[in-house]
Structure formats: structure tokens, C-alpha cells
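Q: can you look at this prediction? I've put the sequence above it.
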Amino acid sequence: MDDIKVTSRALEGAGKTVLIGFPGSGLVGSIALQYLVEQMEFEQIGAITSKYFPPVALMTKGVINAPVRLYEKDGLVAVISDVPIHPAISYEVANGIMDWLTQFDIREIVTIAGIITNEPEKRVFGVATSSEVLQRVEEKTIILPMGSISGVAASLLTECKTRGIPGIGLLGETVNTPDPRSSAATIEVLNQIYDLNLDIQPLLEQAVEIEAAMSEIAEQVQKTEATPRREQLPMYG
């Protein structure tokens, strides 16, 4: 815990489910959990800082936000990050977060991340730390027979496995750009598991806006590439 500093009040009550999302492919986990805490009006209870985090401070309307934040409401806790974690220090970050969380009587931990495929669908793949835990998601997700996951989500699930804490991983099928549709698909799975009844329509509308913006950018790039540079223009006379 020397290198991971958690500044937060204690969790209220026992048996909490902890949802964790760090930036990765499609920003699936970050988008999903930020939407969830805003729509369900979670209370921010603390923040996590570390020498391992990039020296970045994000702001909203001029107000600085901690890069990794803790939220709580009823039986749920959310850990949301705005900064990516380098694979080389994923173990240290995951271990520090787990050391703090396991002071409390945690029911289970759910990591949300993205997985890039060559398919246009927005399926959600499920993994778990045991066959018993996997049964809770096997009818709500696609279970991969083989494969691997990486990054801080993998480190967190490995820590769950070694510490005997039930862990679930939700992997939203995505592309390598911000993907609210994939985030919405993972929220739908959370709705089924935890009876959240969270409306994803506003998030899908956000997806339409992002896709339109990305399409416009792509069109501008194509036009720029199609315009010959000055040194490529033919010379006359």
C-alpha cells in the first residue's frame, strides 16, 4: 500500500459488489461505469493515487478530478479510472486496490473491459474465477472455451483467484475507438445480474453522436490524403 494511496471513507456495511473499469480497448469499462454512477447518482467517497499513474489531471468545467475515483451506492461500489495503466505495473496497481478493498467484507468483484474482434456485433464475453461463479453469467454472456485476457483487469481477476474472492470479468466486443454501444451491452448484462433496471437509451444516443463525429473525422482525413501536397503538384512553364 506504500505506492498506492487510497483516500476514502470506509465502505458502509458488508457484502458489497465492486465494479471496476479502467481505460482499455474501446474505453468500454470507463464509459460503462461513468454512465452508471451518473445515472444512478452514486456518491463519490474517495480517490486512489499512485506514483505508477501517469502525471495527468483531468478536469470538467475547470474542476480537477482525481484520475481514479471510488463511488458507492447501496450494495454497489464502483472504481473508475480515467488513466490507462501500463501492463508492466498492472500487478502493483491491482494488488494495492485489492489490499484496500479486502479490509471490508466484499461479496464479489466485477471487472469490465473491452475485447477487440473482427466481428461487427456487440457481444459480451464472460469469465470468472471459478466454475461456480461462472454459472451466474453463462446464460447472460458468451463463454470462451479458451483464450487469455491482459492488463489490469487480468491482474485484478488473478488477485481475486488467489485471495479466494469471487471475481467476474465482462468483456465487451469492441473496436479500438470509444465505443458506447459496447459499454451499453455490458450494462445490459449488469442489469440482468443485479436487477439495476438502468436505461441504456441515452448511452446509445451518445453512441450515434460519437459515430457521426468519427465518420466526419474519417471523411476529413480522406479528403486531406486525397489532396496532393505542394511538392507533389506538377510544374508547368
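A: Yep, that arrived.
Q: just the CA trace of stretch 79-91, in CSV.
A: The C-alpha coordinates for stretch 79-91 follow below in CSV (Å, rounded to 0.1, in the frame of the first residue of the first chain):
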residue,chain,number,x,y,z
VAL,A,79,-13.9,2.1,-9.1
ILE,A,80,-13.4,4.2,-12.2
SER,A,81,-10.2,5.3,-13.9
ASP,A,82,-9.6,8.0,-16.5
VAL,A,83,-6.0,7.0,-17.0
PRO,A,84,-4.6,3.8,-18.6
ILE,A,85,-2.3,1.5,-16.6
HIS,A,86,0.9,0.3,-18.2
PRO,A,87,1.0,-3.6,-18.3
ALA,A,88,4.3,-3.6,-16.5
ILE,A,89,2.8,-2.2,-13.3
SER,A,90,-0.7,-3.8,-13.5
TYR,A,91,0.2,-6.2,-10.7
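Q: how far off centre is it?
A: Computed by CA atoms, centre = their mean, to the nearest Å, the chain-centroid distance of stretch 79-91 equals 10 Å.
Q: chain neighbours aside, what residue packs nearest to Lys16?
A: Closest residue to Lys16 apart from its sequence neighbours, by CB to CB, 6 or more residues apart in numbering: Val77 at 5.0 Å. Bear in mind the C-beta positions are built from the backbone N, C-alpha and C, glycine included.
Q: which SSE is the one you found in?
A: strand 76-81 (DSSP states H and E).
Q: with adjacent residues omitted, what lies nearest to the spatially most central residue of the chain?
A: With distances taken as CA atoms, centre = their mean, Gly29 lies nearest the centre of the chain, 1.6 Å away. Nearest non-adjacent residue to Gly29, counting by CB to CB, 6+ apart: Gly21, 2.7 Å away.
Q: give me every residue that touches that neighbour.
A: By CB atoms under 8 Å, 6 or more residues apart in numbering, Gly21 lies in contact with 28-30, 32-34, 78-81, 111-113.
Q: would you mind giving the residues you listed as TSV with pLDDT and distance to Leu203 added?
A: What follows is these, written out as TSV (pLDDT from 0 to 100; distance: CB to CB, whole Å):
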residue	pLDDT	distance to Leu203
Val28	92	12
Gly29	93	14
Ser30	91	13
Ala32	94	8
Leu33	95	12
Gln34	91	10
Ala78	98	16
Val79	97	20
Ile80	94	15
Ser81	92	19
Thr111	97	19
Ile112	97	13
Ala113	95	17
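Q: quick one: stretch 14-22 to chain centroid distance?
A: Centroid separation for stretch 14-22 versus its chain: 12 Å, with CA atoms, centre = their mean.
Q: just stretch 134-149 next, same as before
A: Distance of stretch 134-149 from its chain centroid, counting by CA atoms, centre = their mean, is 18 Å.
Q: partner strands of the helix or strand where Leu171 lies, with direction?
A: Remark: Leu171 resides in strand 167-174, with elements defined by DSSP H and E. Strand pairing for strand 167-174, determined by DSSP bridges: strand 106-116 (parallel), strand 124-128 (antiparallel).
Q: in whatever helix or strand comes next after the last one, what counts as buried?
A: The C-terminal neighbour of strand 124-128 among helices and strands, as given by DSSP H and E, is helix 131-134. By neighbour count on 16 or more other CB atoms under 10 Å, the buried set for helix 131-134 is Val133.
Q: same deal with stretch 157-167?
A: For stretch 157-167, the neighbour count (16+ other CB under 10 Å) marks 157-160, 163, 165-167 as buried.
Q: send me it as CSV with only the CA atoms.
A: The C-alpha trace of stretch 157-167 is given here as CSV (Å, rounded to 0.1, in the frame of the first residue of the first chain):
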residue,chain,number,x,y,z
LEU,A,157,-9.1,-11.3,-11.5
THR,A,158,-5.9,-13.1,-10.7
GLU,A,159,-5.8,-11.4,-7.3
CYS,A,160,-9.4,-12.5,-6.8
LYS,A,161,-8.5,-16.0,-7.7
THR,A,162,-5.5,-16.2,-5.3
ARG,A,163,-7.3,-14.5,-2.4
GLY,A,164,-10.4,-16.6,-2.7
ILE,A,165,-12.7,-13.7,-3.6
PRO,A,166,-15.4,-14.4,-6.3
GLY,A,167,-14.5,-12.5,-9.5
